[in-house]
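Trainee: Return atomic coordinates for the entry below.
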Amino acid sequence: MTTMTALSELTGDYVLDTARTRIGFVARHTMGTRVRGRFDEFEGSAHLDGGDPSKSGARLTIQAQSIQTGNERRDEQLSSKFLGAGDHPAITFTSIAVDQVGETAFKVAGDLAIRGVTKPVAVDFELTGAENDRMGDLRVTFRGGVTISRGDWGVNWNVATSAAVGGKVRLEFDVAVVRQA
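Mentor: Just a heads-up that it's a prediction; the model follows:
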């Protein structure tokens, strides 16, 4: 994908293209190994204002039970014990501010809710492309991430897992959105 020359050309309302979006994470496990995973069920929308990015905003809803790490037993434990998906089925992010920090770099501040606990986070995003697809729809892509302390949201199972699983989790976003007519 190529980036358009003017951000103002991107202004509009968008929906998340779930087939071309990846929402993932990386966490440290015992002995320095890393566990990588993703969420398979999510939806979201955004308003992009290319003329004044501070007027942009986004929202994202992730289904906690859709967590995938390639290990069915671990996925069940993460979903039920760590994320409490039975009582808190959705993980949500709602932006409250967007700052342009470089030519194609943005800091998106917002409220992240996990396990019924809402805390502020600031996610760094890079505009990676924009083009019209085969159907003539404008598709815009971003890549971003943020490192959080899972304890701030009560994401833990028991004392043993507090020691076995690192306290920091890297959230990774490869996002594609499609402008609505």
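Trainee: Just to check, residue 115 is in contact with residue 90?
Mentor: No. With contacts counted by CB atoms under 8 Å, residue 115 stays clear of residue 90, the gap being 10.5 Å. C-beta here means a position set from N, CA and C on the backbone, and glycine is covered the same way.
Trainee: Now do stretch 69-83, average pLDDT.
Mentor: Averaged across stretch 69-83, the pLDDT comes to 93.
Trainee: Start and end of that stretch, how far apart?
Mentor: 14 Å (CA to CA, to the nearest Å).
Trainee: Just give me how far it sits from the chain centre.
Mentor: Computed by CA atoms, centre = their mean, to the nearest Å, the chain-centroid distance of stretch 69-83 equals 19 Å.
Trainee: Which residues does that stretch contact?
Mentor: Contact with stretch 69-83 is made by 35-37, 64-65, 67-68, 85-86, 91, 114-115, 150, 155-158, 161, as judged by CB atoms under 8 Å, 6 or more residues apart in numbering.
Trainee: filter those to the buried ones?
Mentor: For the contacts of stretch 69-83, a burial check counting by 16 or more other CB atoms under 10 Å picks out 35, 37, 64-65, 67-68, 85, 91, 114-115, 150, 155-156.
Trainee: Looking at those residues, which are in strands?
Mentor: 35, 37, 67, 68, 91, 114 (DSSP state E).
Trainee: Show me where this protein has its helices.
Mentor: Here the chain has its helices, by DSSP state H, at 72-77, 159-164.
Trainee: Now do the last one, average pLDDT.
Mentor: Pointing back at helix 159-164 there. Average pLDDT, helix 159-164: 57.
Trainee: Can you list the strands that the longest strand anywhere in the chain pairs with?
Mentor: The longest strand of the chain (DSSP E) is strand 117-132. Counting by DSSP bridges, the strands paired with strand 117-132 are strand 105-114 (antiparallel), strand 138-149 (antiparallel).
Trainee: between those strands, which gets nearest to residue 52?
Mentor: Comparing those against residue 52 with CB to CB, the closest turns out to be strand 105-114 (12.4 Å).
Trainee: List the buried residues in the closest one.
Mentor: Buried, per 16+ other CB under 10 Å, within strand 105-114: 106, 107, 108, 110, 112, 113, 114.
Trainee: Low-confidence ranges, this structure, go.
Mentor: 1-5, 30-31, 157-164 (pLDDT under 70).
Trainee: same thing but at 90, please
Mentor: Within the chain, the segments meeting pLDDT under 90 span 1-6, 8, 28-33, 133-136, 151, 154-167, 181.
Trainee: With residue 39 as the reference, measure out to the residue most central in space within the chain.
Mentor: Central residue of the chain (CA atoms, centre = their mean): residue 173, 4.8 Å from the mean position. Per CB to CB, to the nearest Å, residue 173 is found 11 Å from residue 39.
Trainee: list the residues that contact both of those two?
Mentor: Common neighbours of residue 173 and residue 39 (CB under 8 Å, 6+ apart) are 23, 24.
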